[in-house]
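Participant: Need coordinates for the following:
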Amino acid sequence: MSDKPDESEKTEEASSKKLEEAHKKGDVAKSQEVSAWFGMIGIALIIALLAGPMASQLAQPLSTFLAEPHAYDMDGGNILRIVQRLGVMVFLALALPLLLLMVMAVIGNLVQHKPVFSAENMKPKFSKISPLAGLKRIFGPIGLMNFVKGLAKLTIVSVIAFLVIWPERDMLGSLMRVELAMIPLIMQQLALKLVIGIIAVLTIIAALDFAFQKAQWAKKQRMTQKEVKDEYKQMEGDPALKGKLRQIRAERGRKRMMAQVPDATVIVTNPTHYSVALKYEEGMAAPICVAKGVDLVAFRIREVAREHNIPLVENVPLARALHATVEVDDEVPPEHYKAVAQVIGYVMKLKGKLRR
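Facilitator: Below is the predicted model of the structure:
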């Protein structure tokens, strides 16, 4: 039996961890139609903006060569130099259009997914050279869909070409009577019409195909309930991760606790090892512990208390008892009411004297 889970068992959406792993392997949602759409946009820009300058750049040396071939020495060495010179001219004329097409190809990939740098697809795999696997790819559902899609695209492009060129048939037939300098401009306009028509239809095809590829990719990345549980166990079982999470939670809790110290009514201290900050206001059922700590945390609580003129009362047994039995944000338990009431009563009297 295969170790791969049945597709029907994949009922859970992919976790962010699995999506990140798929991206690292180069497994991303990608539509070839979107890339083709950007390629056609590049071709349209070349025809509209660069075709004229490119034709002019090539026309002058080629026309001279064709008009006066007798002026050139045709020995072996000279022919090589002529070919090299023409090759350089052609390269320079085509360099900018080729660069534009490369840029559009990159943009066509970037709009679909973030950059991918993976050697996973370069690794040798038996399935890539297996005839059986190749036949499954060709005659499988995806292969048949790609065949139908390619046939539909070819049909649509043919129809568009017919609709664009057929109305211009009389003009094309009279090109022999048109000035030679006007022919490139006429052909440029006709080619631009054809490309724009293809882009209009390809826009719809690309949008539908991208949505389809995205949905198929998301379906492929789904997880079984067992995979979800295993991943959760793996993450929770990592000691380093658990320790880091505990550290983060403790730090956040400590910061929130220290922020409540200025609201305390009194600090009950050991006075060296324990500090418990209590808050009591008229109408409260019982005092509340807003902060507590030992050693360095206790020292910091006392420092904040002194900065905000909060009374510190030394009571060793009460400080130890409160630290052991009361959690932060909880009320003081009834067994400590009497001792706490005496401390808070003392603080209230002290505040009254200071006001007088």
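Participant: Quick check: phi and psi at the spatially closest residue to residue 9 that is not a sequence neighbour.
Facilitator: Using C-beta to C-beta, 6 or more residues apart in numbering and skipping residues adjacent in sequence, the residue nearest residue 9 is residue 224, 4.6 Å away. Any C-beta I mention is one placed from the backbone N, CA and C, and that applies to glycine too. The phi/psi pair for residue 224 (degrees, to the nearest 10) reads phi -80, psi 160.
Participant: Residue 267 now?
Facilitator: phi -110, psi 120.
Participant: how about the strands of the chain, start to end?
Facilitator: Using DSSP state E, the strands of the chain run over 266-269, 274-279, 288-294, 312-314.
Participant: before we move on, the earlier item: next up, the contacts around the residue nearest to residue 9.
Facilitator: Neighbouring residues of residue 224 by C-beta atoms under 8 Å, 6 or more residues apart in numbering: 5, 9, 10, 11, 12.
Participant: filter these to the buried ones?
Facilitator: By neighbour count, with 16 or more other C-beta atoms under 10 Å, the contacts of residue 224 hold residue 10 as buried.
Participant: Let's have the contacts of residue 224 in JSON lines, adding pLDDT and distance to residue 217.
Facilitator: Listed next are the contacts of residue 224 as JSON lines, based on pLDDT from 0 to 100; distance: C-beta to C-beta, whole Å:
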{"residue": "5", "pLDDT": "58", "distance to residue 217": "17"}
{"residue": "9", "pLDDT": "70", "distance to residue 217": "18"}
{"residue": "10", "pLDDT": "74", "distance to residue 217": "13"}
{"residue": "11", "pLDDT": "72", "distance to residue 217": "17"}
{"residue": "12", "pLDDT": "77", "distance to residue 217": "16"}
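Participant: Distance to residue 27 for the contacts of residue 224 - can I get that in JSON lines?
Facilitator: Shown next, in JSON lines, are those (distance: C-beta to C-beta, whole Å):
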{"residue": "5", "distance to residue 27": "17"}
{"residue": "9", "distance to residue 27": "20"}
{"residue": "10", "distance to residue 27": "15"}
{"residue": "11", "distance to residue 27": "20"}
{"residue": "12", "distance to residue 27": "18"}
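Participant: got the domain boundaries for the chain?
Facilitator: 10-231, 257-355 (automatic domain parsing).
Participant: from the ones you listed, which stretch is densest packed?
Facilitator: domain 257-355 (a mean of 17; mean count of other C-beta atoms under 10 Å).
Participant: By mean pLDDT, which helix or strand of the protein comes out lowest?
Facilitator: helix 126-129 (a mean of 57; mean pLDDT, DSSP states H and E).
Participant: Apart from its chain neighbours, what residue comes closest to the most centrally placed residue in the chain?
Facilitator: Residue closest to the mean C-alpha point of the chain, counted by C-alpha atoms, centre = their mean, is residue 114 at 5.4 Å. Distances taken as C-beta to C-beta, 6+ apart put residue 23 closest to residue 114, at 7.3 Å, once the chain neighbours are dropped.
Participant: just checking, the one you found touches residue 29?
Facilitator: No. With contacts defined as C-beta atoms under 8 Å, residue 23 does not count as touching residue 29, sitting 10.1 Å away.
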